[in-house]
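Engineer: how would this look folded up:
(2 chains)
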Amino acid sequence: MTELLEHDSKAARGAAAAGMAVAPARSADADVRAARRSLRTQIARMDRELSELFATTFPRHGIEWTVGAAGGPRILGIAELERTRDALATRLAEARAEIRRRVDAEEANRALVERMIADPAEHRWVRVRSEDVGERGCKHWHSRPRWGLLGMLVGWWRVKLSSGCPLACGAC
Amino acid sequence: MGAGPGAGGGDPPLASRGEVDPALRGELPGLYLRWVEIGRGSGRSPRELKRRLAALSDRFAGPQAMTFRTRPIPWAYRVFYRHIGLDPDEQPTPPEAVVLDRMLKGGFVSRNLLDDALTIAMIESGVPVVAFDADAVEGAPRIRQSGPGDVLEGRPGELPEGTLVIADDRRPVALLFGALASGRGVRPASRGTMLVAIGVSGVPEIAVEEALWMAAEILEAG
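Structural biologist: Numbering: from 1, shown residues only, chains lettered A, B, ... in the order given. You can find the predicted model right below:
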């Protein structure tokens, strides 16, 4: 909005400085058009940021990206463009906050995996999935006893890294 | 329609310019339309085309799909969608819809000659291309705003005034980046195909023409 106001005042100052005698209606029309152009530029910039954010969040999923349509296809007025711009700004802020929250959780999980590997007996039966540390695939780290019940009784614990996703063709 | 600029010959067809309503040109600078007419309809995809689609599927996997929207041309269409009141995440642009379909189905699935040609053209260029039955379009296509009494055949009621449409000399034949009017699409019996590509600000004309050439060449070779 600040940018929009600056744009308008700059245009007005420019016209006054040049001493132009512009018909009021034509001037107002030009101002409205300039305001719409400015809003479209802002929307483009925000969509660029949102698209880049979308690409960088892969493989995380479950983040909301939709902004909502003003209803088209048609030429949008200033109010509708402003609503689109504000919705994009809100969505950007929410997506960034969600990603920050997830990155923090993933960092904590990575630290947990390191502690599990260093001391498996202290983290009995703890399981961390690759998804929990922001990675693709189906592998997981699992702290479990060596040799089943015997290892449990004797206290031989280890962290086992699963072998990944199941084969697409089942038991082949 | 008579023989269009692309009918016959082995060279790539020359794309014709479609008009854009002057009011729209002022409001949405950079909006343009190119079209080309091919003297055949759709049909079965030849084996070679199916192989080409399969190779494209191998080349275009998850990472390419995730970053597709950040490429300059697909991104320009996303922005244009927002400018005209559409949400590209709710109603994906045609190339993004093809990408989404590829991810869901695990590959670009061959359907027929025309759909396969459009798929390849849109993925390679990032430009949406739409096809009409050439005999069902009167005159040259243009982009304009709907006026009072305008309807999109197959849809109930009049179009809201100011809706952006692709129209022929008589009536709207499609919504801009939206549904085609009933009976305007290519059918098995169609004798000619009109390929239409819309350019928007940030999309070089050469990319739009390349998309049309690619689709036209595949159709003509098929």
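
Engineer: contacts, neighbours, all on C-alpha from now
Structural biologist: Noted.

Engineer: Could you pull up the contacting residues of residue A:70?
Structural biologist: Residue A:70 makes contacts with A:80, A:84, B:85, B:86, B:87, as judged by C-alpha atoms under 8 Å, 6 or more residues apart in numbering or on different chains.

Engineer: Next one: residue B:166 from residue B:175, what distance?
Structural biologist: Between residue B:166 and residue B:175 the distance is 6 Å, computed by C-alpha to C-alpha, to the nearest Å.

Engineer: neighbour-wise, which of those two wins?
Structural biologist: Neighbour count, other C-alpha atoms under 10 Å in any protein chain shown: between residue B:166 and residue B:175, residue B:166 has more, with 27 against 23.

Engineer: Take the contacts of residue A:70 and keep only those in helices.
Structural biologist: Members of the contacts of residue A:70 lying in helices (criterion: DSSP state H): A:80, A:84.

Engineer: So which of the contacts of residue A:70 is the closest to residue B:193?
Structural biologist: Nearest to residue B:193, judged by C-alpha to C-alpha, of the contacts of residue A:70 is residue B:86 at 27.5 Å.

Engineer: Do you know the pLDDT at that closest one?
Structural biologist: Among the per-residue scores, residue B:86 shows a pLDDT of 95.

Engineer: Secondary structure element holding residue B:144?
Structural biologist: Residue B:144 is located in strand B:142-145, with elements delineated by DSSP states H and E.

Engineer: Tell me the buried residues in that strand?
Structural biologist: Going by neighbour count (16 or more other C-alpha atoms under 10 Å in any protein chain shown), the buried part of strand B:142-145 is B:142, B:143, B:144, B:145.

Engineer: Keep these, but drop any that are not near chain A.
Structural biologist: residue B:145 (C-alpha under 8 Å from any C-alpha of the partner chain).

Engineer: I'd like the buried residues of strand B:142-145 written out as CSV, with pLDDT added.
Structural biologist: Converted to CSV, the buried residues of strand B:142-145 look like this (pLDDT from 0 to 100):
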residue, pLDDT
B:142, 96
B:143, 97
B:144, 97
B:145, 97
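
Engineer: wait, which of the buried residues of strand B:142-145 is closest to residue A:69?
Structural biologist: So of the buried residues of strand B:142-145, ranked by how close each gets to residue A:69 (C-alpha to C-alpha), first place is residue B:145, at 18.8 Å.

Engineer: contacting residues for residue B:219?
Structural biologist: Applying C-alpha under 8 Å, 6+ apart, the residues near residue B:219 are B:38, B:40, B:42, B:113, B:114, B:117.

Engineer: Just the ones of these in strands?
Structural biologist: Judged by DSSP state E, strands contain the following of those: residue B:38.

Engineer: Of the contacts of residue B:219 - the most surrounded one?
Structural biologist: Result: residue B:117 is most packed of these (other C-alpha under 10 Å), 26 neighbours.

Engineer: Among the contacts of residue B:219, which lie within helices?
Structural biologist: Short answer: the contacts of residue B:219 in helices (DSSP H) are B:113, B:114, B:117.

Engineer: quick one: the last one from residue A:117, how far?
Structural biologist: Okay, so that is residue B:117. 53 Å.

Engineer: next structured bit after the helix or strand of chain B with the lowest mean pLDDT?
Structural biologist: Scoring the helices and strands of chain B by mean pLDDT, DSSP states H and E places helix B:62-67 at the bottom, with a mean of 88. Going down the chain from helix B:62-67, the next helix or strand is helix B:72-83, by DSSP H and E.

Engineer: So that following helix, near chain A or not?
Structural biologist: Yes: counting by C-alpha under 8 Å from any C-alpha, chain A is contacted by helix B:72-83 at B:75, B:78, B:79, B:81, B:82, B:83.

Engineer: can I get the residues you listed in CSV with neighbour count and distance to residue A:100?
Structural biologist: Below are those laid out as CSV (neighbours: other C-alpha atoms under 10 Å in any protein chain shown; distance: C-alpha to C-alpha, whole Å):
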residue, neighbour count, distance to residue A:100
B:75, 22, 25
B:78, 24, 25
B:79, 24, 26
B:81, 24, 28
B:82, 27, 26
B:83, 30, 29
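
Engineer: of all the residues in chain B, which ones are close to chain A?
Structural biologist: Residues of chain B lying near chain A by C-alpha under 8 Å from any C-alpha: B:27, B:66-67, B:69-70, B:75, B:78-79, B:81-87, B:89-90, B:145, B:162-164, B:175-177.

Engineer: for the chain, what are the low-confidence residue spans?
Structural biologist: I went with chain A, as the question did not name one. For chain A, the stretches flagged by pLDDT under 70 are A:1-26, A:168-172.

Engineer: try chain B instead
Structural biologist: Checking chain B against pLDDT under 70 turns up B:1-13.

Engineer: okay, now residue 153: neighbour count?
Structural biologist: You didn't pick a chain, so chain A it is. 9.

Engineer: that's the wrong chain, I wanted chain B
Structural biologist: 17.

Engineer: any idea how far the helix or strand hosting residue B:209 is from the chain center?
Structural biologist: Per DSSP H and E: residue B:209 is located in helix B:205-221. The chain centroid and the centroid of helix B:205-221 are separated by 11 Å, computed with C-alpha atoms, centre = their mean, to the nearest Å.

Engineer: With only the CA atoms kept, save that helix in CSV.
Structural biologist: Output of helix B:205-221 as CSV, limited to C-alpha atoms (Å, rounded to 0.1, in the frame of the first residue of the first chain):
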residue,chain,number,x,y,z
GLU,B,205,6.9,-14.0,-28.8
ILE,B,206,9.4,-16.6,-30.1
ALA,B,207,8.3,-18.9,-27.2
VAL,B,208,4.6,-18.6,-28.2
GLU,B,209,5.4,-19.3,-31.9
GLU,B,210,7.7,-22.2,-30.9
ALA,B,211,4.8,-23.7,-29.0
LEU,B,212,2.5,-23.4,-32.0
TRP,B,213,5.2,-24.8,-34.4
MET,B,214,5.9,-27.7,-32.2
ALA,B,215,2.2,-28.7,-31.9
ALA,B,216,1.6,-28.1,-35.6
GLU,B,217,4.5,-30.1,-36.7
ILE,B,218,3.5,-33.1,-34.6
LEU,B,219,0.0,-32.9,-35.9
GLU,B,220,1.0,-32.6,-39.5
ALA,B,221,3.5,-35.4,-39.2
